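Asker: Provided below for reference: sequence and predicted model.
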Amino acid sequence: MTEPSEATPVDAVLIGGGIMSATLATMLQQLEPEWDIRIYERLSDVALESSNPWNNAGTGHAALCELNYTPERPDGSIEIAKAVVINEQFQVSRQFWSYLVGESVLPDPSSFLSATPHMSMVWGEKNVEYLRKRYEALREHPLFAGFEFSDDPAQIHEWAPLVMPGRVKSQPVAATRTTAGTDVDFGALTKLLVEGLESRGATVQREHRVTGISRTRDGLWKLRLRHEVGMTPVEVTARFVFVGAGGHALPLLQKSGIAEIRGFGGFPVSGGWLRCDEPSVVAQHHAKVYGKASVGAPPMSVPHLDTRVVDGTASLLFGPYAGFTPKFLKTGSWFDLFASIRWHNIVPMVQVALRNLDLVTYLVGELLASPSKKLDALRAFYPNAKADDWYAMTAGQRVQIIKNEPGKGGVLQFGTEVVASADGSIAGLLGASPGASTAAPIMLEVIEKCFPDRLEAWRPVLRRMVPSYGRSIGDDPALAAEVLESTAQTLAITR
C-alpha cells in the first residue's frame with residue numbers, strides 16, 4: 001500500500017547522495033535556511049558510488065597536470081583556454097569550501113583535503129618539447145603561478161623518487177611541478193556536507209530508490225520511491241527536483257518526460273586501478289604524476305601515478321585502465337544501456353558508435369589486457385615496480401554524454417552538462433570529467449538556470465560563499481592572486 005503524499009510540497013528534492021547533491025543542497029540551505037530540503041539515496045549510505053574516494057582520482061582537477069586540457073595546435077603552439085577554464089572552476093570550489101570552513105559548516109580542511117604536488121611527466125624528444133612549450137604557455141598566467149619545469153633527471157628524481165631509477169639513461173625526460181595541487185577525499189567531503197545539512201534541518205533518506213517522476217497538474221513534481229528495506233512505496237511532491245545520480249541521471253531524467261532530455265544518450269566507460277599500500281613504497285612518492293594519454297584513449301583515461309589520502313592514510317594508485325560494461329553505475333544493472341535507448345536518441349547513439357570505432361577498439365583492448373600488460377603500463381612511470389606490491393581495484397563507472405547537435409548529428413561529449421526543464425523546476429547533471437572537483441561552479445550553474453527570479457535577492461549570499469562570483473579570475477591577475485592566497489590560507493594549501 002502506498003503511503004499518502006504529504007499535504008505540503010517539499011521545497012527541494014535531490015536524487016543521489018554524492019558530492020553534486022551535497023554541494024547543491026548546502027548552497028540552497030545557505031540561501032534559504034527555512035526550506036524543506038531532502039536527499040534520497042538508493043544505497044545504504046551517501047558517497048558510495050562516483051564520490052567514493054576509491055572510485056575517483058581525487059585530483060582536485062585544476063589543469064595543473066592534466067595534459068589533455070592543453071592540446072597542441074597544428075602550428076605547434078599550445079591551446080590553454082580549456083586549462084584556464086578548468087582551473088577557474090576549481091578555484092570556485094576552493095572558495096566555497098573555504099567559506100564553509102569559516103562558517104564552521106565544515107571542520108578542519110585536513111579531514112578531506114591534502115596539499116599534494118601536481119606533476120606532468122613525459123619521455124621522448126617530441127613529448128619533452130611539447131611539455132616545454134606547455135610550460136612556457138602557462139607559466140605567466142596568474143592561475144598557474146609557481147610552475148616549475150625540468151628536463152634534468154636528478155631534479156625529477158628529487159620531485160618524485162620512484163619515477164627515475166631503472167629508466168634508460170639516454171631517454172629524454174621532462175616534468176613540470178607545482179606545490180599548489182591537492183588530493184581531495186570526495187567521499188569524506190560529501191559525508192561532512194551531509195552531516196552539516198542534517199544538523200541544520202535537511203532530511204537525508206538512505207536506501208530509497210526513485211521509481212518514477214511525473215508532473216502534476218499544478219506544475220509540481222511527484223516522485224515515487226521505494227524504501228529498499230521492506231520494499232515500502234513512498235510518494236513525495238516537490239517544487240524543485242535535482243537529479244544528481246551519476247550515470248543514472250539519464251534514465252531518471254527520461255522518466256520525467258521533459259523535452260530537454262530528448263536526443264541525449266549515454267556511453268558507459270568502466271575503469272580499474274592498481275593500488276599499492278606497501279609503506280616503504282608509499283613513503284617515497286608524494287605527488288600526482290600525470291602522463292600523456294594513449295592514442296584513442298578517452299580523456300578520463302590519462303595515465304597517472306597518484307598519492308591518495310583516504311581516512312588519513314596514504315596509498316598509491318596507478319591507472320585508470322579503461323574498459324566497457326553496459327552498466328550506468330558500478331552497482332547498476334547490466335541492462336542500463338539498453339533500457340536508456342529511445343526513439344529520439346537511437347540515431348545519435350548509432351552515429352557515435354560508427355564515428356568512434358577507434359575508441360571502441362581501445363576499450364576492448366583495455367578490457368582484454370593481461371595483468372602483465374597492465375604492470376608494463378605502470379612500469380613506464382615507475383620502472384622498478386614489483387608486482388607483489390600492487391593489486392587490482394575496480395574504479396567508478398562513468399557515462400559520457402551522447403547528444404544530437406544540429407548539423408553534426410550524434411556527438412560524444414567528454415565533459416559535464418546541466419540539463420534543465422524550460423521552467424527550471426527540474427534539472428540534472430550528465431557526464432563525467434572533470435566531475436567532483438568542479439561541483440561548486442556546476443551547482444551555481446544549476447541555481448542560475450533554475451532560480452533566475454531569485455538571483456538578485458540571493459546575490460549577497462552567493463558573493464559571501466564565492467567572493468569571485470560573477471567575475472572571471474582568469475582575466476584579473478589581482479583578483480586571482482587574492483583568491484588563491486585567501487583560500488590557500490584557509491585550506492592550508494602550500495603555494
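Answerer: That came in fine, so what should we check first?
Asker: Go ahead and confirm Leu67 touches Tyr290.
Answerer: Yes. Using CB atoms under 8 Å, Leu67 is in contact with Tyr290, at 6.3 Å. Quick note: C-beta positions are derived from backbone N, CA and C, even for glycine.
Asker: all helices of this structure, in order?
Answerer: Taking DSSP state H to define them, one finds helices in the chain at 19-31, 81-102, 125-138, 153-159, 186-199, 249-256, 279-282, 336-339, 346-355, 357-368, 371-381, 439-450, 455-465, 477-491.
Asker: Rebuild those helices as CSV, extending it with mean neighbour count and distance to Asp388.
Answerer: Listed next are the helices of the chain as CSV, based on neighbours: other CB atoms under 10 Å; distance: least, CB to CB, whole Å:
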stretch, mean neighbour count, distance to Asp388
helix 19-31, 25, 34
helix 81-102, 21, 36
helix 125-138, 18, 31
helix 153-159, 15, 24
helix 186-199, 21, 28
helix 249-256, 23, 40
helix 279-282, 14, 11
helix 336-339, 16, 36
helix 346-355, 16, 40
helix 357-368, 15, 23
helix 371-381, 15, 11
helix 439-450, 22, 37
helix 455-465, 14, 48
helix 477-491, 16, 37
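Asker: Those: which one's closest to Gly396?
Answerer: Nearest of the helices of the chain to Gly396, taken as CB to CB: helix 186-199 at 10.5 Å.
Asker: Spatially nearest residue to Phe149 (excluding sequence neighbours)?
Answerer: Tyr135 (4.1 Å; CB to CB, 6 or more residues apart in numbering).
Asker: pLDDT wise, what is the one you found at?
Answerer: Per-residue pLDDT puts Tyr135 at 97.
Asker: Please apply the same query to Glu6.
Answerer: The predicted local confidence for Glu6 is 55.
Asker: again, but for Thr494
Answerer: We note a pLDDT of 59 for Thr494 in this prediction.
Asker: Please apply the same query to Ala293.
Answerer: 76.
Asker: For the stretch 101-250 of the chain, which segments are assigned as strands?
Answerer: 113-115, 118-123, 148-150, 173-178, 182-184, 203-205, 208-215, 221-227, 232-243 (DSSP state E, counting those that start in this stretch).
Asker: by how many degrees do the fourth one and strand 118-123 diverge?
Answerer: This points to strand 173-178. Calculated by axes from the mean of the first three to the mean of the last three CA atoms, to 10 degrees, strand 173-178 forms an angle of 170 degrees with strand 118-123.
Asker: from the middle of its chain, how far away would strand 173-178 be?
Answerer: 24 Å (CA atoms, centre = their mean, to the nearest Å).
Asker: would you put the C-alpha positions of that strand in PDB?
Answerer: Only the C-alpha atoms of strand 173-178 are listed here, as PDB (Å, rounded to 0.1, in the frame of the first residue of the first chain):
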ATOM      1  CA  VAL A 173      62.500  13.100 -19.900                       C
ATOM      2  CA  ALA A 174      60.900  16.200 -18.600                       C
ATOM      3  CA  ALA A 175      58.500  17.200 -15.900                       C
ATOM      4  CA  THR A 176      56.500  20.100 -14.600                       C
ATOM      5  CA  ARG A 177      55.600  20.600 -10.900                       C
ATOM      6  CA  THR A 178      53.500  22.900  -8.700                       C
END
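Asker: Where does pLDDT dip in the stretch 1-150 of the chain?
Answerer: Judged by pLDDT under 70, the stretch 1-150 of the chain has its weakly predicted residues at 1-7.
Asker: Let me have the strands of the stretch 101-250 of the chain in CSV, extended by distance to Thr59.
Answerer: Output for those, formatted as CSV (distance: least, CB to CB, whole Å):
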stretch, distance to Thr59
strand 113-115, 12
strand 118-123, 8
strand 148-150, 19
strand 173-178, 13
strand 182-184, 7
strand 203-205, 27
strand 208-215, 30
strand 221-227, 34
strand 232-243, 25
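Asker: Please produce CSV containing these, extended by mean neighbour count and distance to Lys374.
Answerer: Below are the strands of the stretch 101-250 of the chain laid out as CSV (neighbours: other CB under 10 Å; distance: least, CB to CB, whole Å):
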stretch, mean neighbour count, distance to Lys374
strand 113-115, 22, 27
strand 118-123, 25, 19
strand 148-150, 16, 29
strand 173-178, 24, 22
strand 182-184, 26, 23
strand 203-205, 17, 38
strand 208-215, 18, 35
strand 221-227, 19, 39
strand 232-243, 20, 35
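Asker: which one of those strands lies closest to Leu462?
Answerer: With CB to CB as the yardstick, what comes closest out of the strands of the stretch 101-250 of the chain is strand 232-243 (17.1 Å).
Asker: and the angle for that closest one with helix 439-450?
Answerer: Going by the same axes, to 10 degrees, strand 232-243 makes 90 degrees with helix 439-450.
Asker: returning to what we had before: in a markdown table, list the helices of the chain along with distance to Ser214.
Answerer: Shown next, in a markdown table, are those (distance: least, CB to CB, whole Å):
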| stretch | distance to Ser214 |
| --- | --- |
| helix 19-31 | 21 |
| helix 81-102 | 33 |
| helix 125-138 | 49 |
| helix 153-159 | 56 |
| helix 186-199 | 26 |
| helix 249-256 | 7 |
| helix 279-282 | 51 |
| helix 336-339 | 18 |
| helix 346-355 | 24 |
| helix 357-368 | 36 |
| helix 371-381 | 46 |
| helix 439-450 | 19 |
| helix 455-465 | 28 |
| helix 477-491 | 42 |
